[in-house]
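S.K.: below are the sequence and a predicted model; questions follow.
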Amino acid sequence: MKNEGSKIVKWLLIGISLLFAFLFLLLPLFTVISEALRNGWAAYKEAVTDEYTISAIWLTVEATVIAVLINTIFGLFAAWSVTKFYFRGKKLMTTMIDIPVTVSPIIAGLIFLLTFGRQSPIYPYLQAANIQIVFAVPGIVLATVFVTFPFISRELIPVLESQGTDEEEAAALMGASGLTIFRRVTFPHIKWAFLYGIVLCAARAMGEFGAVSVLSGHLRGKTNTLPLHVEILFNEFRYVPAFAVSSILVMMAVVILIIRSVVEYRGKGAE
Amino acid sequence: MKKKLFGILSVAILSAAVMAGCGSGSGSGSDTETADNSSSEKVTLTNVSYDPTRELYAAYNDLFAAHWKEKTGQDIEITQSHGGSGKQALEVANGLEADVVTLALEYDVKAVQDAGLIEDGWVNEFDKDSSPYTSTIVFLVRKGNPKNIHDWGDLVNDGVGIITPNPKTSGGARWNYLAAWAYADKLYNGDETQIKEFMRKLFQNVLVLDSGARGATTTFVENGQGDVLLAWENEAYLSMQDYPDEYEIITPSISILAQPSVAIVDEVVDKRGTREAATEYLQYLYSDGAQRLEAENYYRPSNEAILQEYADTFDLNINLVTIQDFGGWDEAQEKHFADGGIFDEIYEQQD
Amino acid sequence: MKKAKSKRVIPGFGLSLGVTLSILSIVVLIPLVSLVIYTAQMDLGDIIETITRPRVLASFKVSFLTALTASLINAVMGVILAWVLVRYQFPGKRILDGMIELPFALPTAVAGISLTALTTDTGLIGSVFDKIGIKIAYTKIGITVALIFIGIPFVVRAVQPILEKLDSSYEEAAGMLGANRKKIFRKIILPEIFPAALTGFGLALGRCIGEYGSVVFIAGNMPYETEITPLIIMSELQEYDYASATAIALVMLIFSFAILFAVNLAQARNSRIINGGSK
């Protein structure tokens, strides 16, 4: 295998990858960072420690954590039922799971607005029960869950699919319980895919703008997530702070990715 | 290792259930919080406004809080929400709890009224058709005015690149369009074929049709596209403040009087018991102090005497038509901007 | 059919399907049904009139073509990136791996503004291309660039786990048996990663067709030229024409649904072939 030809291919592919990453990932990132620091560190610090920025950070973290957890539960159960069993309407169901990613976020927001908003038939009941969904935190969470809905299940399904059902069947025939089968047999196969799924979901949840923007109402200090706060800063002709706040999102993404790398490194080292 | 990972997983699932509970809990929690405000010492108001008024209301809210404290001894806190005017109206109509709306067009406030939140007759509730301040459309050109642009007629010259937002998505851009129309209307004495031809030429010179006013400013100022930006007067002045040596403001011979409307959202103030504070909040926009503040934020105060004080800032010789010259918003909307309207026609001819 | 029997062998069918369906209903089904009900109140003639307006049709074409181009590029680049990240060691690999999700975390508006700044005729990249007469920002190329950015993580992250799981001993065995690299790739690797790449492609395509936030900044939004469908929907909303907005939205939705359904069908067929072959 290790002949001259494969070496050329190797470096060619690496070269293409690096060039692509440089153009499409590094340059935009560089633009964000350089704009954020255009007026120096003091201005940067002021922007990121602003009272409204802080409240936006907490709201973003809250929405992201809840969305990841809900999608984790959903993703595991959905992947299990889709790949380990055969039933009618399965393809339809997997397609339904994917739908949220392909719905334009603005449409998604609009749909929730029409479903739970003031003009909806169920709005009076929600009011009577004192539940505020749209233009409050639950609406933001709902929108975030919606746009990240398939990420975890979508990572798990192909892996479980290619793994097949033989091992689980054998374990079941030997009398293992469902939980044991999942823990001992299935989970080791899917853990890295699962990790990717969580990271994808968290990253997307943090950055979601369109759907959340329709459902948030942009109430300063109350329902503004970080991406919305960035938009507000742009609209206030405050470029540098807007990029500074964007860079917080970049850093949050980096933290998640570092955590992932550590888990992955340890996990793979132990194997 | 496997056990550890599984442990983490089960904890994650457990906490998910807990968090999901908290999620809905905190939602209803914040709801009761707002409901309590009406009876407590501190009053809170939510003002849902449109994009370019951010700086204005940031300043006005401080001024008003001091006034309210002096008058009633109460603290007042005002939560602002800004966005595209139409989108903001849509959100209020769908349950965003705004005590007052201060939107770009009468048409948008009417949309909230149509949803049953505002009672009929709001236009006459405050002075001057409930428009405490007005604005108009001007040109922002690059320093030295290299393309020699002085009026609307210069915009259709070959080689002039225009930046304006899309009238279909931006309220401000509709004012731009109507102002240009008013100029052509005067030039051609109302001959609609010629006016349309003028508008067609003008939009042929448009390089980028951004979705909103802010995006158009970004395209012109930050990305250096085009020779002239059609902008709100106050936005043009804000760009001048940021880059005093790079741009000039050109006031055309004719433009349009943009009258942003304010209104109390009756359903919300009745529910929250904030009618008194909300009324005072909008009424105080007409006080001398507030009118000066508006002028300092480059809005034209509705009080004539105070407007004259700022004659150095504003070009008061400009000939301003109003939306009434177009038969009101409903008619203008229907004729020009609705699907299949004149704006669509202008673009279809280009193909 | 071997499968029919296995249905009862593995436990947890009722529970897992129950949980899946209930969450699916709350998050996806109820909102979708309300959209359909909303559109159903419209007259069919009005719906057809709305979606066949020349401007709307032109926007469908722009949205679909740019999304397709971007997703195809992402499908190829995604497989290459995943391959490089899994199989090769080189300096900067960890950083590259870590950066893949960035397009998700960056708010779309920021991405749009940054990309526009880079690709206008005065920008860092745009000025280079301007010299050879290619304009990026405010053209369809610009839209495609933004969509490539948005869609990068989908294919990479779908293919990567499969490649990692794929035991290289198969390839080594095949190599020893005399198969050349091309053949190994075609016969062993490609069938394994194909379903995942297809899923990634389908998701990226769906996402790109609906993308709004980043594209509006870079598109220029000229009617018939660079106006995307989500922008038309926004403009209908600005006119309080919810009916037209939802009608166009429904068309996009059906479109996405069809793409995904086709992808899922292909995937299911593919997995049958693989599983069937290995047994």
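M.R.: Alright, I've got the coordinates. On a predicted model such as this, the values are computed, not experimentally measured, just so you know. Residues are numbered from 1 along each chain as shown, chains lettered A, B, ... in the order given.

S.K.: point me to the residue of chain A nearest chain B.
M.R.: Nearest residue of chain A to chain B: A:L69, at 3.1 Å (C-beta to the nearest C-beta). Where C-beta positions appear, they are placed from N, C-alpha and C, glycine not excepted.

S.K.: sec struct for that residue, please.
M.R.: helix (DSSP: H, G, I helix; E, B strand; the rest coil).

S.K.: stretch A:108-122 - what's its average pLDDT?
M.R.: The average pLDDT for stretch A:108-122 rounds to 84.

S.K.: what are the buried residues along that stretch?
M.R.: Buried residues in stretch A:108-122, counted by 16 or more other C-beta atoms under 10 Å in any protein chain shown: A:108-118, A:120.

S.K.: circling back to that earlier point, the residue of chain A closest to chain B and A:A202, how far apart?
M.R.: With distances taken as C-beta to C-beta, to the nearest Å, A:L69 is found 10 Å from A:A202.

S.K.: the two - which one has more neighbours?
M.R.: Using other C-beta atoms under 10 Å in any protein chain shown as the criterion, A:L69 and A:A202 rank with A:A202 on top: 26 against 23.

S.K.: low-confidence ranges, the chain, go.
M.R.: Unless you meant another one, I'm taking chain A. Applying pLDDT under 70 to chain A flags the ranges A:1-5, A:269-271.

S.K.: the intended chain is chain C.
M.R.: Along chain C, segments meeting pLDDT under 70 span C:1-8, C:167-169, C:171, C:270-279.

S.K.: for chain B, what lies in contact range of chain C?
M.R.: Counting by C-beta under 8 Å from any C-beta of the partner chain, the residues of chain B close to chain C are B:84, B:86-87, B:90, B:111, B:166, B:168-171, B:206-211, B:215, B:218-219, B:222-225, B:333, B:337-340, B:344, B:347-348, B:350-351.

S.K.: ok, and of the residues you listed, which contact chain A?
M.R.: Among those, the ones lying near chain A by C-beta under 8 Å from any C-beta are B:87, B:90, B:218, B:222.

S.K.: in helices only, show me those.
M.R.: B:87, B:90 (DSSP state H).

S.K.: okay if I get the ones next to chain A among the residues of chain B next to chain C as JSON lines plus pLDDT and neighbour count?
M.R.: Shown next, in JSON lines, are these (pLDDT from 0 to 100; neighbours: other C-beta atoms under 10 Å in any protein chain shown):
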{"residue": "B:K87", "pLDDT": "82", "neighbour count": "22"}
{"residue": "B:L90", "pLDDT": "86", "neighbour count": "24"}
{"residue": "B:T218", "pLDDT": "82", "neighbour count": "23"}
{"residue": "B:E222", "pLDDT": "81", "neighbour count": "15"}
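
S.K.: so what secondary structure elements neighbour the longest helix along chain C?
M.R.: Assignment by DSSP H gives helix C:242-278 as the longest helix of chain C. On a contact count with 3 or more C-beta pairs under 8 Å, 6 or more residues apart in numbering or on different chains; DSSP states H and E, helix C:242-278 meets helix A:90-102, helix A:105-116, helix A:151-163, helix C:30-40, helix C:44-51, helix C:54-87, helix C:190-210, helix C:229-238.

S.K.: how far out from the middle of the chain is it?
M.R.: Helix C:242-278 has its average C-alpha position 11 Å from the chain's average C-alpha position, going by C-alpha atoms, centre = their mean, to the nearest Å.

S.K.: if we can go back for a sec, just the buried residues of the residues of chain B next to chain C.
M.R.: Buried, going by 16+ other C-beta under 10 Å: B:84, B:86-87, B:90, B:111, B:166, B:168-171, B:206-211, B:215, B:218-219, B:223, B:225, B:333, B:337, B:339, B:344, B:347, out of the residues of chain B next to chain C.

S.K.: still on that earlier bit, please flag which of the residues of chain B next to chain C sit within strands.
M.R.: B:206-210 (DSSP state E).

S.K.: ok, those vs A:G221, which is closest?
M.R.: Ranked by distance to A:G221 (C-beta to C-beta), these are led by B:D210 at 28.4 Å.

S.K.: dig out what the closest one forms beta bridges with.
M.R.: Beta-bridge partners for B:D210, by DSSP bridges, are B:P165.

S.K.: is it true that it touches B:K168?
M.R.: No: applying C-beta atoms under 8 Å as the test, B:D210 and B:K168 come out as separate, 11.5 Å apart.

S.K.: and C:L237, how far from chain A?
M.R.: Distance of C:L237 to chain A, computed by C-beta to the nearest C-beta, to the nearest Å: 7 Å.

S.K.: which helices and strands does the helix or strand harbouring C:L96 pack with?
M.R.: C:L96 belongs to helix C:93-99 when assigned by DSSP states H and E. Here helix C:93-99 touches helix A:4-21, helix A:239-270, helix C:54-87, going by 3+ C-beta pairs under 8 Å, 6+ apart.

S.K.: could I get the buried residue list for that helix?
M.R.: By neighbour count with 16+ other C-beta under 10 Å, helix C:93-99 contains the buried residues C:96-99.

S.K.: now check the helix or strand that that helix is followed by, is it near chain A?
M.R.: Following helix C:93-99 in sequence order, the next helix or strand is helix C:102-105 (DSSP H and E). Yes: Helix C:102-105 reaches chain A (C-beta under 8 Å from any C-beta) through C:102-105.

S.K.: just among those residues, which is most surrounded?
M.R.: For the residues of helix C:102-105 next to chain A, neighbours tallied by other C-beta under 10 Å; top is C:A105, 29 neighbours.

S.K.: got a list of what it touches?
M.R.: Shown in contact with C:A105 (C-beta atoms under 8 Å, 6 or more residues apart in numbering or on different chains): A:203-204, A:206-207, A:249-250, A:252-253.

S.K.: can you check B:T53 too?
M.R.: When contacts are counted by C-beta under 8 Å, 6+ apart, B:T53 touches B:82, B:102, B:260.

S.K.: which single one of those residues is nearest to chain C?
M.R.: Scanning the contacts of B:T53 for proximity to chain C, where the rule is C-beta to the nearest C-beta, the winner is B:H82, at 14.8 Å.

S.K.: pretty sure the closest one is touching A:N235, no?
M.R.: Yes: B:H82 is within contact range of A:N235, at 6.6 Å (criterion: C-beta under 8 Å).

S.K.: one step back: any chance of CSV for the ones in strands among the residues of chain B next to chain C, columns pLDDT?
M.R.: Formatted as CSV, those follow (pLDDT from 0 to 100):
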residue, pLDDT
B:V206, 93
B:L207, 90
B:V208, 88
B:L209, 88
B:D210, 84
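
S.K.: just confirm yes or no for stretch A:176-184 near chain C.
M.R.: Yes: Stretch A:176-184 is in contact with chain C by C-beta under 8 Å from any C-beta, via A:177-178, A:181-182.

S.K.: so which bits of that stretch are buried?
M.R.: Going by neighbour count (16+ other C-beta under 10 Å), the buried part of stretch A:176-184 is A:176, A:178, A:181-184.

S.K.: now the residues of stretch A:176-184 next to chain C as CSV including secondary structure?
M.R.: Conversion of the residues of stretch A:176-184 next to chain C to CSV gives the following (three-state DSSP):
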residue, secondary structure
A:S177, coil
A:G178, helix
A:I181, helix
A:F182, helix
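
S.K.: need the max-distance pair from those.
M.R.: A:S177 and A:F182 (9.1 Å).

S.K.: and the residue nearest the centre of chain A, its phi and psi?
M.R.: By C-alpha atoms, centre = their mean, chain A has its centre lying nearest to A:C201, at 2.1 Å. A:C201 adopts backbone torsions of phi -60, psi -40, taken as degrees, to the nearest 10.
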